[in-house]
Each structure stands twice: as C-alpha cells, then as structure tokens.
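J.: I'll drop the sequence and a predicted model, then ask my questions.
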Amino acid sequence: SLFLSVCSMGIPVVSFVTDVKSAGPAFDAVVHIVNDIHKEGHPFGTTITRAAEVDARVGKTSPVLLVDPEVPGKRLIVVGTGPLNRDYDDVRQVGDASARGVACARDAGAKRILLSVGTLCATEEFAQALEVALLAAMHELSAPLEAREYLGEKEAEPVVALGFLCAGDASQKDGERVVRVMTAVEAGRRLARDVGGPDPERMCPMRAAEYIQESFKEHDDVIVKIVEDTEEFKAQYPLAAAVARASLCVPRHKPCIIRLDYTPKEKIEQTLIFAGKGIVYDTGGADLKVGGGMAGMSRDKGGAAAVAGFVKTVAMLKPKGLRVVAELGMVRNSIGSDCYVPDEIIKGHAGLRVRIGNTDAEGRLVMADLLSHLRADVALTAPNPRMFTVATLTGHAVRAAGPYSIALDNGPARRWKVADSIQKSGELWGDPFEVSRLRREDYAMVKARTAADDVLSSNTLPSSVTSRGHQFPMAFLTIASGLSKHGLDSEKHIAYTHLDIAGSSVERMDIQHGKPTGSPIVALTALFVLDRLV
C-alpha cells in the first residue's frame, strides 16, 4: 500500500510502501543503501549478487546503477555506507550514502525515487538510520532559493517524489509517523536554507521578514510580529540599533525584529525561547573584514534562519503542551560615516552599559537585546522555560570543533543537562554537537575595567586567535541580557543554552558556497518535539 503526504513549499512528496512490488509506476528508480552485500538478505533477488561477481564497485561507497526489470523504472542504484563499526563511525555515514545514491538517480533522469535502507548495525546509534537517510536525500535534492526563482522549481528541483520502503517489523502507523515527521522537519530546514542562504539583497532585513511572514500564513497558531519602525527599534533594541546605525541611510537595509510565538491548544507544559542572530551582511563595521574575509558574510544570518525553521517544524507537528517563542534580529552591519566604533559605551535593553571592544563582534550585541526582551516578557512567567541563543557567532567555534555545532549551558541549564541532552539527541539523528563549558576566565574576559561601563563586548582580536574565543561571548550574553541574575545563586533560575553553529551552518564549512544545513533543527526536534506528538 502507498501513503502520501502533500508537502508545501516545493518539497518532494514523501511516501512509503510496504513492499517494492506495490510501488508500481509511482517510482522510477530505487536507491538501496547497504553495509555489506554479502551478509544481508536484500529485497532485490539476485541482481546485486550477480552484479557484484563482475563489478567490484557494487556495494562500495560510490553508487552503481544496475538495470533490473523487476524494480520501478528498471533503475537500481546500490550504494554502500562503508564500515559502521569503527570507533569514529556514526549514523551520518548512512545519510552520506543516501545523498550519493539519490544524486546518482537524479542525474540518471529519475524524478520519483524510492529509498531502501538495508540491514545495518542493530545498535542504538543507528536506530534512526532510515530517518537520517531520508533527511540527507531531501537535503541533497534541494536547490537554492535564487536558483528556483530564476530557473523555476521544475528545472532546479526535478525530483518530485521521494518514497521509502517500510518493511519487516515496521507497521503502517510507523510509516505514517515517519512521513509526518520528515515532511515537517524538511519544511523547517527548507525555510532555514531559503532565509540563511541567499545573497544580502535578496534577504535584506525586511525581505527576510516578508518571506518568513509568508511561510507562516497557513499556521493560525503562530503569531508573527515585526518591529520595523526605526524609532521603536532604537528605543527597544539599543545595542542592535548601534550595529545597524550605518545601514539606516539605505532604506532597504534598515533593520527589523521578527517575533514568532507558537502556542499549543493544550495547557503549556514547557516553553522554549530562542534568540536568533540574523546579520544579513557583516562587513565587520569599523573593524572591517579585509583580505577576502568578507566573502560569505551574507550567511551570518544562519542562526535566525534555523530558529525560524524550527518554529515552522513545530507549527506543522503541533507537539502537545509545548510553546515556542522566538525573536530574530535581522540587521546589517555596514561600514560608513555613522557606523558604531570601538570604545563607544551603549546602554542595552537590560539597562547595562556595554563598552564596545570590536565592531566585528556585533552578533552578541543584537542577541543581548533579544534575550533581555525574551527574559522579561516570557521567561520570568512562562512554565518550565528553556532559553537559547542560536548563532553563527565565532570563528573560534570552527577552529575548536570544525564542522560541528557547540552547546554551552549556564548553571541552571547544566544542572538540567540541556547541552548534554542536545548532544545525545543530535548524535542519534545525524546533527552532532560538541559540549563546551562556561568558566570563570570567560567572565573575567568581559569584566568592566572602569566604573564607566558594566561589561565589555569583546577583546580587540578575532575570536579565532583568542583563547576561549567561543566560550567567553556567552558570558557577555549572560551579563548584558540580565540573565546573570537568574543563575544558580538566584531565587529564580532560568536555564540558558548558547548554540554556536558557525561550523555546522553550511556544508563543508564553506561559508560562501556551501548549502545551508538547517542545523540544529533536527537535534532540537528530536529532543523537544517527538515525544510530545499525539
């Protein structure tokens, strides 16, 4: 039997079949992912075994297209994961194989691909292998927003359907749940790619706001509010306004704040609160990026894009009892005669005086105001609040962790093991994290040196050459937002976790050309949403 889910925003229709023969003309290619062709009982007769006798490539990591009259479209693509039992192997290898396989099928002319995941490791680490394979396939098949707008979706994204084989012990209910979850997660990641990837004019602040607002029109349980009036912006978000100051002379570059509020119909049991860094272009400001360092800085909005995508996923899945509130700071850090400069002292929304150390450390200023608003408006009274910042914040995160996201907890969050839980969730779902730790040296780095100010935004060096360059910005955020009043030594604890996605936000850490990944949407969904689905 065949079950379908109609997807929005051009995502391929996701479906499942209970056996290959029932697929019929619904598909025109099969991609079979294997670990060891000699050990598994695959559903394709003797085709793979015979092919392997004459072609040593069959079952290896490079995909091989076989002609099999018994499978849909006569196309059978076999692709191997490589070993899965080494110390460093993880479920992403299944996703990588899936991406290679569907790319081969697409390039061969297939438009409706059926994915089959063979017998892999039976360990917990590979329990979500099917879902990881599907997500990797959908990511591979996606095209940039500009390409779809210029070429048209039919040419840019020729694959219109993606199915998977749901056999063995899996039930119809299992298949329907996978369809539902994969559709929603990919819709969120697609929104994240569409906002996070485009050039600085296509996704300047208000165009990004309009795109996000349009994407939530079908969700009446999400309230979208946009702060675009310049005077209101200056009054309510003074640190963000300082970053935006040099952009105000260009109307299309003016900043805005996007607030998203998803509220469930049931009683609220937990509240997730996000501040997303949305720097639509980062010149570095007065501390100008030089020597080619500015290329790719239209992707400095990846945190805000991912947060918007996560809210989209939540709105589609409607988890019971979970409220999600987010503020996205869409700002351009321009250079000009009115740009903010080091040594300025600016009073933020939380009432603390911030001395500017480096204008290229702008994202933390924007997020400090967002956090302050969210702390005062939401976290202080919300049931079971968990606060997050999500940002492509530091080059040091890339130096320290390479292509992985980094999670850091404040005291209350560490007590409740928020970062550890995100890491565990991400590991199982192919959205991995490293966990870092906030230390006293981080607070010492941003401590005020005089009575003229309360906190220092940054030192004068790039984070990539600064000791603890990805940790100390969280200390600044904690102080400048007022969250330092809600640590373990306070009466009102508020858990706050900072997610630096500088290394994971785009493929291959290629900030200029790499496809945005949508991280950490998958890990957050797996941890906070899936157990609440009805």
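T.: Everything's here; your move. Residues are numbered from 1 along each chain as shown.
J.: give me the buried positions along the lengthiest helix in the chain.
T.: In the chain, taking DSSP state H as the definition, the longest helix is helix 172-196. By 16 or more other CB atoms under 10 Å, the buried positions in helix 172-196 come out as 175, 178-179, 181-196. C-betas here are computed from N, CA, C, even on glycine.
J.: strands along the stretch 351-500 of the chain, start to end?
T.: With strands called from DSSP state E, counting those that start in this stretch, the stretch 351-500 of the chain shows them at 353-355, 385-391, 405-409, 433-435, 455-456, 495-500.
J.: so which of those is nearest P63?
T.: For these, the distance to P63 is smallest for strand 405-409, at 28.5 Å, taking CB to CB.
J.: that closest one: partners in the sheet, and parallel or antiparallel?
T.: Applying DSSP bridges, strand 405-409 is found paired with strand 433-435 (parallel), strand 495-500 (antiparallel).
J.: how far off strand 385-391 does the last one point, in degrees?
T.: Using axes from the mean of the first three to the mean of the last three CA atoms, to 10 degrees, the direction of strand 495-500 lies 20 degrees away from that of strand 385-391.
J.: which helices and strands does the helix or strand following strand 495-500 pack with?
T.: For strand 495-500, the succeeding helix or strand toward the C-terminus, using DSSP states H and E, is helix 521-528. For helix 521-528, the packing partners by 3 or more CB pairs under 8 Å, 6 or more residues apart in numbering; DSSP states H and E come out as helix 172-196, strand 270-282, helix 302-317, helix 418-429.
J.: make sure L162 is indeed in a helix.
T.: No: going by DSSP: H, G, I helix; E, B strand; the rest coil, the assignment for L162 is strand, not a helix.
J.: surely L370 meets I258?
T.: No: using CB atoms under 8 Å, L370 and I258 do not qualify as a contacting pair, with a distance of 10.2 Å.
J.: shared neighbours, the two?
T.: Common contacts of L370 and I258 (CB atoms under 8 Å, 6 or more residues apart in numbering): 327-328.
J.: just the element for the closest residue to K234 other than its chain neighbours, please.
T.: Distances taken as CB to CB, 6 or more residues apart in numbering place A241 nearest to K234, at 4.4 Å, with adjacent residues excluded. Assigned by DSSP H and E, A241 belongs to helix 238-244.
J.: what helices or strands is the helix or strand just after that helix leaning on?
T.: Counting by DSSP H and E, the element after helix 238-244 in chain order, helix or strand, is strand 256-262. Judged by 3+ CB pairs under 8 Å, 6+ apart, the packing partners of strand 256-262 are helix 205-215, strand 222-227, helix 230-236, helix 302-317, strand 322-333.
J.: in terms of secondary structure, what does the longest helix of the chain contact?
T.: If contacts are counted by 3+ CB pairs under 8 Å, 6+ apart, helix 172-196 sits against strand 2-5, strand 13-17, helix 129-141, helix 205-215, helix 302-317, helix 521-528.
J.: mind checking the pLDDT average for the last one?
T.: Looking back up the chat, that one is helix 521-528. Averaging pLDDT along helix 521-528 yields 98.
J.: what angle do that helix and helix 172-196 make?
T.: Angle, helix 521-528 to helix 172-196, by the same axes, to 10 degrees: 130 degrees.
J.: now swap in the second one and tell me
T.: Interaxial angle of strand 13-17 relative to helix 172-196 (the same axes, to 10 degrees): 160 degrees.
J.: what packs against strand 13-17?
T.: Against strand 13-17 (3+ CB pairs under 8 Å, 6+ apart) you get strand 2-5, strand 161-165, helix 172-196.
J.: keeping just the C-alphas, turn it into PDB.
T.: Taking Å, rounded to 0.1, in the frame of the first residue of the first chain, the C-alpha atoms of strand 13-17 are listed here in PDB:
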ATOM      1  CA  VAL A  13       6.000  14.300  -1.900                       C
ATOM      2  CA  VAL A  14       7.100  11.900   0.800                       C
ATOM      3  CA  SER A  15       5.500   8.400   0.900                       C
ATOM      4  CA  PHE A  16       6.100   4.900   1.900                       C
ATOM      5  CA  VAL A  17       5.500   1.400   0.500                       C
END
